[in-house]
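J.: Turn this into a structure:
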Amino acid sequence: MASIADQTGVCRSPYNCAVPGQLPLVSYILVNWNTEELLPRALDSIAAQDFPLREVILVNNASPQFDALDLSAYELKLVQAPGNLGFAGGNNLGIAHSTGDVVVLLNCDALLEPDFTRRAVAVLQARPRCGTVVPKILRDDMSGRLDSTGHLMREDRTPLSRGAGEPDMGQFDNPGPVFGGTAAAIAYRREMLEQVSFDGEVFCHDFFAYFEDVDLDWRAQLSGWEAWYEPACRAQHRGHGSGGRASLRVQRIAEKNRYLMLVRNDSVPSQLGNWIPLTIYELWHALRTLLRPWLWPAFLSYLASLPGAIRYRLRAGAGRRVPAGRVAAQFIPRGSLLPPGAPQPALPLEQAGDQPEAQYPLVSILIVNYNGLALTRACLEGALAQSYRPCEVIVVDNGSAADEASLLELDFPEVRFLRLEHNTGFSGGVNWAVALSRGEYLALVNNDSVMDPECIARLMYARRRSGADAVSGRLVDIAEPRQIVPLLNALAIEDEEDVVWDMPEASLQALAESRRNHGLSLYGYIVQDSFAGRDECFYPSGGLCLLRRASIAGWLPQCFPQDYFTYQEDVWLGFALRAAGGKVAKAPSAVAVHLASSTTRSLGRPRLRFFQERNRILNLLGWLPASVIWRMLPMYMLVGLLAGLRKLFTRPADWLGEQAAHLWLATHPLQILRRRSAWRDRAGQGGDFVSMLSGQVRGQGGALNRLSLSWCRLMGIDCLESQREKRN
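T.: Okay, here's the model as predicted:
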């Protein structure tokens, strides 16, 4: 590939932005096309930058009204384009006339905050492989809503501008890697632009406008460059200042450019790993396009541009450092909002474990709400009544039908609320809450639970006493809300002697059942009382638990796998902690009354069973040693067959959900293998957790459990029961 300087004859600045303390020259590139009214504002924002070394290059894309504009007050280099070269061609022309080591592209309908450049340069100096600094861009309409916090790419190869349209409530205030960023306001390292340029072009001229910045993101990823989101860099963007995005011409250009981008960057092997979401999208998109005949000419434009894309692909492939499949591994499922390796929490994770514990460290109580206004209200009252201080309470409203967060804010102004437009499930909601939190400890509490006032204090005491990485509380499961108050009163005097319980039988049974310390089997099912008499358990219950942030640092901000949605995500975390040699304690004195399954009922039985079954098997395939899976395979097949037959005749809706889960697993083998490799690599090999798993199926006695235990002994699997036999 030829460098930009080679093509233009322009020498580069002597400054090097990779050297700390040495200031680089920054080139600001603006392309004008019918944006004369907004252009002075953009230029003023550049003049206000608190960074001394700059050059400003304005490309006039043959805009009809440009001659009437007076720019005498600005120090800039004006480049007249021979015609409207589009966003891609105009910026290529501006970059070719620039000399800076840092190139800042700025739309004429956007503006930079005064410290934008200084903060962007600081990122480039601190991260030698960072080629793109992606800012937080707000909408320029005084709405407080986001325009973009970086590009993500979905598995179906449609790009997503993260956070677009959401209120800015701090949910994206943590820096970290992203796929790329919108070129409306962005900073590039010139070295990266030169490496990925082709025939002297940074942006492919065939794109004209739209998708050209995503194409550059993809090329940079394939060349081994990092795109880093820095929320301290801020800009504002009005959007579509050069023309409405809804115009038919723009729609045709965008239609052509997506497929042009795929030809230039994607590969068939990497697409095979996501063939289901890609096929579903393309079928839907084909039908939609058939019903929109004004898009049909885009196909002819695509054919005309195809030879150039193929020529680029053949010549550029040799210079790529990263396989296309590895880049595709960071693509996210449609509906997800957090990518693998998403921005990290505010406390630097590599330092979190070194921080001395304060006597009373901050605890973040995280609650996820979905169409549960009354339940969440009761949960918040319990959270704010906690005796432990300091606490912060964060509620994620997970796309409720009504704006329940606004209603709750009226009664709970001290609580931080985050509104999501879609239901991201318990996993996604918790992940967002974690990204927003500041506490050294994270308390996960179901919104259909009401905590005892001493609950958080007792969780913290148990963690401090045991030194555990996570502490699981005790949930008293009830069926009716009217049981909450009597049970909370009963829990307050539970340890007193000679108490005469005047409660319904159901409440007494709930109390008795909550004292049992269940565990997990090699099949991923709950086994009753397998941890009886011990002050630990296998996994922290997502309904009520305390997590030490430093202990889960390697996974944050995705505390749970984003696409687990609901069920088994806390079991996954138990596996992750155990695999890293961590400890999970049990605190029976930390209690909450829980209205069981009140939120998940709205999912419907097939969908609910899909998540339960798929996530259970994913945990086993992702975490168990391969030797254990292989030796247990005959029992897995037998148990699965018997369970399937029983469900088929007794609960057909559950059977349908389980079959859908098995179909998903059968069609995603590469994704499962990638997850297993990534999970086990990040956790390390610090713990032997197989000996903490029961060899029974569900721990309810009977011939099947006896057969399973015999099989474990025959295969030499060192399960929980084997450990007990050795001790005895």
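
J.: CA only for contacts and neighbour counts going forward, please
T.: Fine.

J.: burial count for residue 44?
T.: Residue 44 has 14 neighbouring residues, counting by other CA atoms under 10 Å.

J.: so it sits in a strand?
T.: No: secondary structure of residue 44 (DSSP: H, G, I helix; E, B strand; the rest coil): helix, not part of a strand.

J.: ok, now how distant is it from residue 75?
T.: Distance, residue 44 to residue 75, using CA to CA, to the nearest Å: 11 Å.

J.: same check, this time on residue 719
T.: Distance, residue 719 to residue 75, by CA to CA: 75 Å.

J.: again with residue 229
T.: Distance, residue 229 to residue 75, using CA to CA: 30 Å.

J.: Run through the residues that contact residue 511.
T.: Contacts for residue 511 (CA atoms under 8 Å, 6 or more residues apart in numbering) come out as residue 476.

J.: In terms of helices and strands, where is it?
T.: helix 505-514 (DSSP states H and E).

J.: one step back: among residue 719 and residue 75, which residue is more densely surrounded?
T.: residue 719 (21 against 12).

J.: That one touches residue 711, doesn't it?
T.: No: if you go by CA atoms under 8 Å, residue 719 and residue 711 don't touch, sitting 11.1 Å apart.

J.: Flag the shaky bits of the stretch 451-600 of the chain, pLDDT-wise.
T.: Along the stretch 451-600 of the chain, the model assigns pLDDT under 70 to residues 481, 483-504, 506-507, 597-600.

J.: again, only this time at 50
T.: Applying pLDDT under 50 to the stretch 451-600 of the chain flags residues 499-500.

J.: can you give me the helices for it?
T.: If DSSP state H, counting those that start in this stretch is used as the criterion, the helices of the stretch 451-600 of the chain fall at 455-466, 484-492, 505-514, 569-579.

J.: Who are the packing partners of the longest helix belonging to the chain?
T.: As assigned by DSSP state H, the longest helix anywhere in the chain is helix 626-650. Applying 3 or more CA pairs under 8 Å, 6 or more residues apart in numbering; DSSP states H and E, we find helix 626-650 packed against helix 652-666, helix 703-715.

J.: To which secondary structure element is the closest residue to residue 157 other than its chain neighbours assigned?
T.: Sequence neighbours aside, residue 278 is the residue nearest to residue 157 in space, at 7.1 Å (criterion: CA to CA, 6 or more residues apart in numbering). Here residue 278 is covered by helix 275-290, with elements defined by DSSP H and E.

J.: continuing past that helix, what's the next helix or strand?
T.: Moving toward the C-terminus from helix 275-290, the next element (DSSP H and E) is helix 297-316.

J.: next one: that next one to chain centre, how far?
T.: 33 Å (CA atoms, centre = their mean, to the nearest Å).

J.: tell me which residues in that helix are buried?
T.: 298, 301-302, 305-306, 309, 312, 316 (16 or more other CA atoms under 10 Å).

J.: State the mean pLDDT of that helix.
T.: What helix 297-316 shows for mean pLDDT is 85.

J.: residues making contact with that helix?
T.: Identification of contacts with helix 297-316 by CA under 8 Å, 6+ apart yields 1, 198, 206, 252-253, 255-257, 259-260, 263-265.

J.: Repeat that for stretch 154-164.
T.: By CA under 8 Å, 6+ apart, stretch 154-164 touches 145-153, 181-182, 214, 258, 262, 274, 277-279, 281, 328, 331-334, 337.

J.: In the helix holding residue 278, which residues are buried?
T.: Counting neighbours by 16+ other CA under 10 Å, helix 275-290 gives 275-278, 281 as buried.

J.: what would these look like in JSON lines with distance to residue 620?
T.: Shown next, in JSON lines, are the buried residues of helix 275-290 (distance: CA to CA, whole Å):
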{"residue": "275", "distance to residue 620": "24"}
{"residue": "276", "distance to residue 620": "23"}
{"residue": "277", "distance to residue 620": "24"}
{"residue": "278", "distance to residue 620": "27"}
{"residue": "281", "distance to residue 620": "30"}
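
J.: Columns pLDDT and distance to residue 365 on top of those, output as CSV?
T.: CSV is the format used below for these (pLDDT from 0 to 100; distance: CA to CA, whole Å):
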residue, pLDDT, distance to residue 365
275, 88, 39
276, 89, 38
277, 87, 35
278, 89, 38
281, 87, 38
